[in-house]
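> coordinates only, sequence not included:
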C-alpha cells in the first residue's frame with residue numbers, strides 16, 4: 001500500500017517549481033490562484049526569488065505549500081494518478097496543510113492565507129535571536145530524554161520539537177538554554193548542531209502564536225479529508241473534520257511526532273512512500289526509520305514519469 005507525504009519548512013530552494021511551471025498550465029493556474037489569495041506575487045519569489053527571500057517564515061510556508069500542491073496537481077491531473085491506491089496522507093509540520101489541500105479538506109486559497117499568517121505569528125512570538133533549534137544526532141528519544149531529565153534548566157525552555165527519525169531529534173527553546181545543553185552533550189561526546197532558523201518552532205514558546213492563529217482557524221471552513229490523514233500531534237488518523245482545527249492549533253506548539261507517524265503507517269500496511277514537494281528530506285527520514293520500505297521523491301517531471 002502507498003502513502004503520500006508532504007515536506008515542511010527547510011526543504012525550500014530558489015526556483016524550486018520552475019520546471020513544472022514552464023511545462024504545465026495547471027501549475028501556472030495554481031500560482032495565479034495563490035497570488036490572488038495573498039494579494040501579492042508569491043509565485044515570482046518561488047520561481048525567481050533569492051534564497052534569502054525564501055528564508056522568511058511568512059514567505060517560506062506558503063511557498064512550500066504552493067509548490068507541493070502544484071506538483072500534486074500535475075501528478076493527479078496530467079498523469080492521471082489513481083488516488084485509490086493511497087491509504088494514508090501526511091505532512092511534516094507545515095506539510096500537514098499541503099496534505100489537507102490535497103485531500104480536499106481545505107481550499108488552496110484558505111490554506112495559503114492561513115500559513116502566511118501562521119508564518120507571521122510564529123516569527124513574532126519570540127524576539128529574533130532569543131530562540132533557537134538544535135538538532136541532536138545519534139540518540140533515540142529515550143536516550144535524549146535521559147539527558148534532558150538530568151539537565152537542570154535554571155531558566156528558559158528546552159523541549160523536543162521534532163522526533164524525526166531514530167538518531168535525528170530536534171530541540172527547540174531559549175537560545176541560551178540550548179547552548180548550555182549542547183555543551184553538556186559535547187562533554188558526553190554526543191553530536192548536535194544549531195539549525196539556521198529564525199524562531200524556536202514547535203515548543204511552548206509558540207503558544208502565543210497558536211492563540212493568535214486560533215481565530216483564523218475557527219473562521220476557516222474545513223471538510224472531511226477524502227484520504228486518511230495521519231496527524232503530527234497524535235501520530236494517528238484524524239477521526240473527523242471537527243478535530244482538524246484543534247490539531248492545527250496544537251501543532252504550532254507541540255512536538256512533531258514524525259517517526260511515530262511513519263511507524264504507524266508502516267504498521268498499517270504502507271510499504272511505499274511518495275514524497276511530493278521540494279527536496280527529499282522526508283524520504284531520508286522514512287528510510288532511517290525503516291530501510292525496507294520504498295521511498296520516491298517527486299521533485300522533477302522525470303520523477304513522476306518514473307512513478308508510473
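Nice, I can see it. Values in this document were obtained by computation on a predicted structure and should not be read as measured data. Numbers count the residues shown, from 1 in each chain.
> how far away is the closest residue in space to residue 278 that isn't next to it in sequence from residue 192?
Excluding the flanking residues, the one nearest residue 278 by Cβ to Cβ, 6 or more residues apart in numbering is residue 16, at 4.1 Å. Bear in mind the C-beta positions are built from the backbone N, C-alpha and C, glycine included. To residue 192, residue 16 is 28 Å away according to Cβ to Cβ, to the nearest Å.
> now the stretch 101-250 of the chain, which segments are flagged as low pLDDT?
For the stretch 101-250 of the chain, the stretches with pLDDT under 70 are 153-154.
> the more surrounded of residue 16 and residue 192?
Counted by other Cβ atoms under 10 Å, residue 16 and residue 192 do not tie: residue 16 has more neighbours, with 24 against 20.
> assign a three-state SS to the more buried one, would you?
For residue 16, the assignment made with DSSP: H, G, I helix; E, B strand; the rest coil gives coil.
> which ones are touching it?
46, 63, 67, 278, 299 (Cβ atoms under 8 Å, 6 or more residues apart in numbering).
> now, which of these lie within helices?
46, 63, 67 (DSSP state H).
> turn these into a markdown table, columns for neighbour count, distance to residue 174 and pLDDT.
What follows is the ones in helices among the contacts of residue 16, written out as a markdown table (neighbours: other Cβ atoms under 10 Å; distance: Cβ to Cβ, whole Å; pLDDT from 0 to 100):
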| residue | neighbour count | distance to residue 174 | pLDDT |
| --- | --- | --- | --- |
| 46 | 28 | 33 | 96 |
| 63 | 30 | 28 | 97 |
| 67 | 31 | 32 | 98 |
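> residue 58: how many residues sit nearby?
By other Cβ under 10 Å, neighbour count at residue 58 equals 18.
> so what's it closest to, chain neighbours aside?
residue 119 (3.5 Å).
> so the one you found touches residue 60, yeah?
Yes - Residue 119 lies in contact with residue 60 (Cβ atoms under 8 Å); the separation is 6.6 Å.
> re earlier: let me know the helix or strand that the residue nearest to residue 58 is in.
helix 108-124 (DSSP states H and E).
> which SSE is immediately downstream of that helix?
Remark: after helix 108-124, the chain's next helix or strand is strand 131-137, criterion DSSP H and E.
> what is that next one packed up against?
strand 168-174, helix 175-187, strand 191-194 (3 or more Cβ pairs under 8 Å, 6 or more residues apart in numbering; DSSP states H and E).
> will you turn those into CSV that also has distance to residue 201?
Listed next are the helices and strands packed on strand 131-137 as CSV, based on distance: least, Cβ to Cβ, whole Å:
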stretch, distance to residue 201
strand 168-174, 6
helix 175-187, 13
strand 191-194, 14
